[in-house]
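Asker: Return atomic coordinates for the entry below.
(chains A and B)
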Amino acid sequence: MSELRDVAIVGVGHSKFGNRFDLRLDELAWESVKEALKDANLQANDMDFSVVGCAGGWSAESLPAAICSEYCGTLPKGSMRVEAACATGSAALAVGYNFIASGHSDIVLVLGVEKMFESPTPVQIELIGRAGNYFWEFENFGLTFPGYYAMHATGYMWKHGLKEEDLAEIAVKSHYYASMNPKAQFRQKITVDAAMQSRYVAWPLKLFDCCPLTDGSAAIILASEDVAKKITDTPVWISSIGVSTGTINLSKRDMFSRLEYSGLESATEAAKQAYKRIGVDYDTAAKQFDVACVHDCFTIAELMAYEDLGFCKRGEGPKLVREKQTYNGGLIPVNIDGGLKAKGHPIGATGCSMFYSLTKQLRQEYGKCASPEAQATIRKGRALAHNIGGTGHYAYVTTLSLDKPHT
Amino acid sequence: MSDMNENAKRSITEKGLPICEEMKTKLPLYISMRELPLRFQFGVSKVEKFFEGLKEGKIYMTQCRNCGEKFFPPQDGCPKCPESSVDWIPLSGEGELLTCTVIFVKPSTFSHHQDYVVGISQMKEGVRVLAWLRIDDPKKIKPKMKVQLTTVRRKPEGFITYEFIPL
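Answerer: Next comes the predicted model:
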């Protein structure tokens, strides 16, 4: 690996998340790209390449990389679309990273964009439900996306005695921090009672356990070490990327048969890869990062993430929740930007939204973006993004660092 | 979606453009005139035996003749043994429920069904199977409950599929 060049995040931008009936896909992309360009003090024609993360299906444009590149002014430089379901943003960052690390490019725009509300809500639910093995699991059995995670939740409950109230507590935390985030879809705080009273979507998951459907974009500008040093005094380095793919069929997951295991095997594998590259010990990982964004498309997904990332032992996720150890000031602050659950989850943009939040956190600028209460204390100079596509079908764990990886 | 069409037609008649007010935000929405129906088709020659089996009330898995790996859903090739072929073996149907969910908010193509239970069971033969669990009251579901996998005609369409029934 030593022959690879180091890669830094030098600019970040983020659109308002929510129902964006006011604009189209390319206009939504520009909202975050122009902010990222300003943040990096660069022009669109400085980009050597653009990677566009867009899952699509619910939106009309078939060539999102081309239409966004034209609107954002990066032509005639090259572009490509990247897709890894809900981990699309992290996959796009991994591609951009490799374009620079390999020496192909010096400055790369990584854009995540999704326009889900170009289709009516029932169509979106249908299409997301097909994000498993279509032929063997959807065609005859009509799963929904909450349904896939609900089966993980039931498996967890039957093994570890998780209560639905524990999941509600996770939703309460997400809404608490989203209330401070001006770019979040949901800005109101909620109570455990309100969450518990919401209707079942896919038992045991209720409406307030689920992230919303969202339109949004987030843009990240990457630069090689030489360029980064000229552009910024506070480069945020990509220190490691771990990637793993899980079984397409949920029925093929060994964890359902294994009593001691209740998480996503792909996420655990991705975490171990990412930790190994930076010398982080899996069992004490929580103490080695200042802040984390984890993929909480459902409350149960955040709980499983704690365990898959080694923040606590298997079965101890609910204890972490009950002790509020993932609030700011706890063992490790998690999703203090509101998470997918309350900030919103525009599929292809979510990974880039995580990198936006974590970059602002490491630069100690997040307090200005949201509230000083949501700025983590930066001691280690390390942050972590856990971004999952499908139900663990694609798992990306990316670590960021204020220290240059190769010194 | 037909609502969208109706709204667009009305707007064209009234204003000459398919631009409607979005209900909540009152923002102008351009409704596309191009509706695309989507229905897929699949080649099943490699797993024809599975569908033949369903007609006879049997649910098959496959097993690699070389390494013994078992596959459900059945697959014709073993990724570890590219030169080997597979045997088709009917499942006994005996299983134990490992997890489940009750789908309340359904995909639009399943909206004609009552709320349904989807479960994953450990089968006696070692593979796991995902299917609906036919149970009148989901409160009766117990961890590790014994279930029988069986073929069934799915109403109202009438095609043959498979499901779990509690024992």
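
Asker: residue ranges of the strands in the chain, please?
Answerer: Picking chain A for this. A:7-14, A:49-53, A:78-82, A:107-115, A:200-203, A:205-206, A:215-224, A:236-245, A:291-293, A:382-389, A:394-401 (DSSP state E).

Asker: To clarify, I was referring to chain B.
Answerer: Under DSSP E, chain B gives strands at B:19-21, B:28-30, B:60-64, B:70-71, B:86-90, B:94-103, B:116-123, B:128-133, B:146-153, B:160-166.

Asker: Take these and write them to CSV, including distance to chain A, mean pLDDT and mean neighbour count.
Answerer: C-betas here are computed from N, CA, C, even on glycine. Converted to CSV, the strands of chain B look like this (distance: least, Cβ to the nearest Cβ, whole Å; pLDDT from 0 to 100; neighbours: other Cβ atoms under 10 Å in any protein chain shown):
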stretch, distance to chain A, mean pLDDT, mean neighbour count
strand B:19-21, 10, 94, 16
strand B:28-30, 6, 95, 15
strand B:60-64, 11, 98, 21
strand B:70-71, 9, 98, 18
strand B:86-90, 16, 98, 16
strand B:94-103, 4, 98, 23
strand B:116-123, 5, 98, 23
strand B:128-133, 4, 98, 24
strand B:146-153, 10, 98, 16
strand B:160-166, 5, 98, 19
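
Asker: Select, out of those, the one closest to A:Asn98.
Answerer: Nearest of these to A:Asn98, taken as Cβ to Cβ: strand B:70-71 at 34.0 Å.

Asker: Report the contact partners of the most centrally placed residue in chain B.
Answerer: Most central in chain B under Cα atoms, centre = their mean is B:Ala131, positioned 7.7 Å from the mean C-alpha point. Each residue near B:Ala131 by Cβ atoms under 8 Å, 6 or more residues apart in numbering or on different chains is listed here: A:140-141, B:118-119, B:121, B:149, B:161-164.

Asker: what does A:Gly330 give?
Answerer: Counted by Cβ under 8 Å, 6+ apart, A:Gly330 has contacts A:323-324.

Asker: The one 4 residues further on now?
Answerer: Neighbour list for A:Val334: A:291-294, A:302, A:305-306, A:311, A:326 [criterion: Cβ under 8 Å, 6+ apart].

Asker: quick one: which of those is nearest B:Asp136?
Answerer: A:Glu302 (33.8 Å).

Asker: so how far is A:Val236 from the nearest residue to that closest one once chain neighbours are set aside?
Answerer: Excluding its sequence neighbours, the residue lying closest to A:Glu302 (Cβ to Cβ, 6 or more residues apart in numbering or on different chains) is A:Asp296, at 3.7 Å. Plainly put, A:Asp296 is 22 Å away from A:Val236 if you go by Cβ to Cβ, to the nearest Å.

Asker: Can you show me the CA trace of stretch B:137-152 as CSV?
Answerer: What follows is stretch B:137-152, C-alpha atoms only, in CSV (Å, rounded to 0.1, in the frame of the first residue of the first chain):
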residue,chain,number,x,y,z
ASP,B,137,-52.7,-14.8,15.0
PRO,B,138,-49.1,-13.6,15.0
LYS,B,139,-49.1,-13.5,18.8
LYS,B,140,-49.0,-17.3,18.7
ILE,B,141,-45.5,-17.2,17.1
LYS,B,142,-42.8,-18.6,19.4
PRO,B,143,-39.1,-18.5,18.9
LYS,B,144,-37.8,-21.8,17.5
MET,B,145,-41.4,-23.1,17.0
LYS,B,146,-41.6,-26.2,14.8
VAL,B,147,-42.9,-25.6,11.3
GLN,B,148,-43.7,-27.7,8.2
LEU,B,149,-42.7,-26.4,4.8
THR,B,150,-45.3,-27.2,2.2
THR,B,151,-46.5,-26.3,-1.3
VAL,B,152,-49.6,-24.3,-1.6
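
Asker: Quick one: residues in contact with it.
Answerer: A:158, A:203, B:54, B:57-59, B:91, B:93-98, B:100, B:102, B:117, B:119, B:121, B:123, B:129, B:131, B:133-135, B:160-167.

Asker: what does the stretch 1-150 of chain A put close to chain B?
Answerer: A:19, A:21-22, A:60, A:120, A:122-123, A:125-126, A:129-130, A:133-138, A:140-144, A:146-147, A:150 (Cβ under 8 Å from any Cβ of the partner chain).

Asker: Tell me which entries of the residues you listed lie within helices.
Answerer: Judged by DSSP state H, the residues of the stretch 1-150 of chain A next to chain B include A:122-123, A:125-126, A:129, A:146-147, A:150 as members of helices.

Asker: Buried ones among these?
Answerer: A:123, A:125-126, A:129, A:146-147, A:150 (16 or more other Cβ atoms under 10 Å in any protein chain shown).

Asker: Turn these into a markdown table, including pLDDT.
Answerer: As requested, these are exported to a markdown table (pLDDT from 0 to 100):
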| residue | pLDDT |
| --- | --- |
| A:Val123 | 91 |
| A:Ile125 | 91 |
| A:Glu126 | 91 |
| A:Gly129 | 90 |
| A:Pro146 | 97 |
| A:Gly147 | 97 |
| A:Ala150 | 97 |
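
Asker: Many thanks, we can stop here.
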